[in-house]
Structures are given as C-alpha cells and as structure tokens.
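Novice: curious how this folds, go ahead:
(one chain, ligands or ions: 1)
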Amino acid sequence: MPRAKVELALEPPALGCRQLRRAAGLRYLGSGYTKAVHRAALNRSLAVALKSVDLGGHDVQRCAERAGPRGDCYRLASYKLVKEMILLQRLRHRNVLRLYGYCYQDSNDIPDTLTTITELGSPLEMIQLLQTSWEDRFRICLSLVRLLHYLAHSPLGSVTLLDFRPRQFVIVDGELKVTDLDDASIEESSCTSNNDCFMEFPARNFTLPCSVEARCQNMNEKRNLYNAYRFFFTYLLPHSAPSSLRPLLDVIVNATGELHWGIDETLAQLERVLYLYKSGKYLQNATRTPKAEYKRVPDATIPDENYRCWPSYHHKGCLLSVFDITEAIEICESYSQCRAFVLTNQTTWTGRQLVFFKKDSNHIMPDPDEITYVKVTG
Ligand SMILES: Nc1ncnc2c1ncn2[C@@H]1O[C@H](COP(=O)(O)OP(=O)(O)OP(=O)(O)O)[C@@H](O)[C@H]1O
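Specialist: Numbering: from 1, shown residues only. Here you go, the predicted structure:
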C-alpha cells in the first residue's frame, strides 16, 4: 500500500507577523506538555488563539535537563507545532479548528520561533457539559462524530488521534472542534497476523483483523470511535434524553462500545436521531392532546415569576426548548409550580423555540416579540 504523502508547503497566511505585532489584550489561556496558548485581539476586533512552544513546558524542560542547548530544545519541541499547523491547513472541516495564519520571528534569543494563529475556542469542561441540556450535549457528540467521519475519509487517509482526551478539543459557538493535532497519525499499523492488531484500553481490549495488505483493518477509525465512546458518548448521549429517543441512543452507545459499527454507520445513526428530534417525530408516540387549557395572550410577556428547573438555558429561570405549543403545555403540566409560559423569539441550534416557564401570571406586560400562555384550568 503506498504511504500517504503529506504536502508540506504552506499557503500564504491570511494573518501573519504584521498583525501579530499589533495584537492587543494578550491573555494566557492554557498549556500542555508542549505548547502555551494565549488569546489576543488582532486588527482591533478578531479574537484569536496564539499557540507557541512553551519554553517552561515539559518538553523543553526535559530536553534542557539532558543538557540540550536551548535553541536545539526549542526546535525539537517546535516540530510538534509545525506538524499541527500543517495538519490544520490540510484538514479542512467545520470541526477542525481554523488556522488563520502563522508568524516566524526571533524571540528570547531563539531565531525563527513559530506562533500559530487560530480560531479561538473555550476549553471543553466535562463537568460543565454534564450540566447543560441534552440538546447541547447531543450537539457535542454529533460534531465529534462528523469530525471522526471526516478524519476516517480525509484527503490524507484515515487519521487517528493517538492522544484522544477531552482537552484536545475546544468549543466554538456550541460546536466541538479539534485543536491539538500534534499526536495525529495517518499510517495504519502494519501486521503479519491478527495478534499484531491488538488495541488496549483501560477497561477493554480489541483485536482487529490483519488485512491481506498486511495492515490492521480500520484501526485508526476504530481507535477514534472507541475513544469517542469512552470519553463522550457514555457520559453525554443517553443522560436526560427525550424518553422516546433513549432506546436508539442506548443502541448507539452499546454498538460503539463494542466496536460493532464503523464511523459511517455511527454517523448515519446520529443523523437519524437529529432528524427525529428536529422534525418532532420523536413526539408522535406520546398522546399529543393537551391535558389542560391555556389562554393565548399575544404580544405579551411575564417579566418575573421565574422558578428554577434543570437543565435550564437560563441560570435564574426555567428556560427550555420545545418543538411546539403542545410540548410546552406537556412540560408546564409536569411541573407543579408552572402556571404559565412565555414563547420567546429565540431558537436553539436545531431550530426549536425557547420557552420561559413561569410560576404566576399576575403581571403580564406588553412585548411585541413574545407570546404568553396562561393556564386556565386544572
Ligand atoms: N484555539 C484555542 N482556544 C482556546 N483554548 C485553546 C485553544 N487551543 C488550545 N487551547 C487550550 O490550551 C491547552 C493547551 O493546548 P494544546 O493541547 O495544543 O497543547 P499541548 O502542549 O499539545 O497539550 P497536551 O500536553 O495536552 O498535548 C488546551 O488544553 C486547551 O485548553
């Protein structure tokens, strides 16, 4: 099988040293073994992430302890940043962080140090994600699966993320994007028998077939998929999902956890869940006749009378997304405090409408953008 050849030439960057010299509001964001990441505003407005080799980081320090000259230690570590930059430019997908540019400049007595300029994200915090709505958590899983599907069929061949942990990803406008690509690998492992295609994880091991071309079949894709299962799907997919989608989500979690499916099937199943959710088809099995009567008050809102619920899109009130009025009524009926709800003009990423649930309807105010529904019976 021919080795995948990666085009190393870089396109002229949209942003470079000129913009970097005028960067404002530089602030440290985080670092790992190799790189340090700062945020900054370029051209007065565009917020970006600047990545450079962390001279105090593990990689450079370990090399320096072995008496490596500083410049050489820098270069050794900067190889990872160069590799990441090239991959960010070759792998173009909405769930791969965008590379805006780069700059080579002398810094700290080291010639030609590299800074990459990328889209800015926020770190993926699992604890925080567990507190968000199922709809937002599903979006993270769907964006991850769309990313892994692209990586499995990328122009460079099937790409695997050898160091696959939540911290290798960031969130941009609610979508997950991969940022740390220095441990990405394209080569499928070579083998002489199935025993060479052994994949070891903390709780499970798998042996994949060795193909007639002497490569472990789909190992890159399957490694990504199992990692997606163990770090993301088990925590984010089934938990507080609409009950009618639970069986399908459980099948997805089980099939990926057992590596029964490849990424194509996994993506098709997640897209199916999205379709059922967006189209409201997931509601069709339930009895769809409202149990209580509600009076519609157009161009009106209830500014206060909030109560808290979980998981809410608003930290002080109960703001949830609904497919239609019938679903809003069902939700209101399921909370003993609920006496009214206000349809806002805001929608979520799937196009569902955001609704504020209220504990009283004594103070209704005019608002041309909202519609209030007040419970009249029950
Ligand atoms: N574009 C970005 N926007 C916001 N934060 C980012 C961005 N890229 C990286 N970070 C943060 O900076 C940290 C370090 O970046 P990165 O993972 O690239 O460094 P690293 O040295 O390769 O880390 P590791 O040791 O985990 O491999 C990340 O964990 C992430 O939280």
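
Novice: what confidence value was assigned to the residue in the chain positioned nearest to the ligand?
Specialist: Nearest to the ligand in the chain, going by Cβ to the nearest ligand atom, is Gly32, at a distance of 1.7 Å. To be clear about C-beta, it is placed using only N, CA and C from the backbone, and glycine gets the same treatment. The model reports Gly32 with a pLDDT of 90.

Novice: same check on Thr287?
Specialist: 62.

Novice: kindly report the same for Gln128.
Specialist: At Gln128, pLDDT is 89.

Novice: contacting residues around the helix or strand hosting it?
Specialist: If you go by DSSP states H and E, Gln128 is part of helix 126-130. Residues outside helix 126-130 that contact it (Cβ atoms under 8 Å, 6 or more residues apart in numbering): Asp136, Arg137, Ile140, Pro166, Tyr235, Leu236, His239.

Novice: pLDDT weak spots in this structure?
Specialist: Filtered on pLDDT under 70, the chain yields the residue ranges 1-12, 285-288, 290, 377-378.

Novice: and the longest helix for it?
Specialist: helix 70-90 (DSSP state H).

Novice: for that one, the distance to its chain's centre please.
Specialist: How far helix 70-90 lies from its chain's middle: 25 Å, per Cα atoms, centre = their mean, to the nearest Å.

Novice: buried stuff in it?
Specialist: Residues of helix 70-90 classed as buried: 73-78, 80-90 (neighbour count, 16 or more other Cβ atoms under 10 Å).

Novice: quick one: name the residues of the stretch 1-150 of the chain near the ligand.
Specialist: Taking Cβ under 6 Å from any ligand atom as the contact definition, the stretch 1-150 of the chain meets the ligand at 29-35, 37, 49, 97, 118-121, 123.

Novice: now Glu175. Its backbone dihedrals?
Specialist: Here is the backbone geometry of Glu175 (degrees, to the nearest 10): phi -100, psi 150.

Novice: er, Leu276 actually
Specialist: phi -60, psi -40.

Novice: show me what contacts it?
Specialist: Leu276 touches Leu245, Leu248, Tyr282, counting by Cβ under 8 Å, 6+ apart.

Novice: now, of the residues of the stretch 1-150 of the chain next to the ligand, which are buried?
Specialist: Using 16+ other Cβ under 10 Å, the buried members of these are Leu29, Ser31, Gly32, Thr34, Lys35, Val37, Ala49, Leu97, Thr118, Glu119, Leu120, Gly121.

Novice: confirm that the first one sits in a strand.
Specialist: Yes. Assigned with DSSP: H, G, I helix; E, B strand; the rest coil, Leu29 falls within a strand.

Novice: returning to that earlier point: in the helix holding Gln128, which residues are buried?
Specialist: By 16+ other Cβ under 10 Å, the buried positions in helix 126-130 come out as Leu129.

Novice: using PDB, write out every CA atom in that helix.
Specialist: Extracted in PDB, the C-alpha atoms of helix 126-130 (Å, rounded to 0.1, in the frame of the first residue of the first chain):
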ATOM      1  CA  MET A 126     -16.900  17.800  31.100                       C
ATOM      2  CA  ILE A 127     -18.400  18.900  34.400                       C
ATOM      3  CA  GLN A 128     -20.000  21.900  32.800                       C
ATOM      4  CA  LEU A 129     -21.200  19.900  29.800                       C
ATOM      5  CA  LEU A 130     -22.900  17.400  32.100                       C
END
